[in-house]
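In: below are the sequence and a predicted model for it; my questions follow.
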Amino acid sequence: MASKTGGVTPMSIAGRMVRERERLLNMTPEERMWRAQWLKDQHLSHDEPRFVPEYWRERINPIRRVYRAPLDFVHKALTPVLGHDWAFAIRFWTGKIAMGAFGIYAGYYYFKYNQNDWTRKGGWRVISSRPSVFPGDKDYPNFPERSSPSDYAARGFKQSPI
């Protein structure tokens, strides 16, 4: 794993003044000026963060740019109307909902058309349990009626129209 600091030991730029007790004990006037300047430096200007198109073009590879393009177009169209935050939220959740719906439809398709039956070796085998039947119910004791040993592993062969 690569080092986050490039092999250099990280250091705090706040120094000992990060702790309130240290600041209250004995700050020199130079330290007070340094602390005031440090607090001023923490405020961003009104035009930050800046959007630099060249930076984003270099950072996001071409394949990612292609599949992000439709929602980026929606974001760009909605930003003047709704503002950046709402447009980004709509862009974000639209993508997540679309991926979720695709996953559900793909799972449904797979389970519907790739069942484990007598025609194939693979696929998901879905076994359902018998319904619970209690004394006094009309189907009690609900034993399966299997007439021959070939009924036990038929996997739908006897129900096929062939």
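Out: Good, I have the coordinates.
In: isn't residue 95 right up against residue 71?
Out: Yes - between residue 95 and residue 71 there is a contact at 5.4 Å, judged by Cβ atoms under 8 Å. (Each C-beta comes from the backbone N, C-alpha and C, glycine too.)
In: grab the most central residue of this protein for me.
Out: residue 96 (7.4 Å; Cα atoms, centre = their mean).
In: buried ones in the helix or strand containing that one?
Out: Using DSSP states H and E, residue 96 sits within helix 84-113. By neighbour count on 16 or more other Cβ atoms under 10 Å, the buried set for helix 84-113 is 87, 91.
In: other SSEs contacting it?
Out: Under the contact definition 3 or more Cβ pairs under 8 Å, 6 or more residues apart in numbering; DSSP states H and E, helix 84-113 sits against helix 62-82.
In: roughly how far apart are residue 48 and residue 148?
Out: Noted for residue 48: a distance of 79 Å to residue 148, by Cβ to Cβ, to the nearest Å.
In: likewise residue 27?
Out: Distance, residue 27 to residue 148, by Cβ to Cβ: 94 Å.
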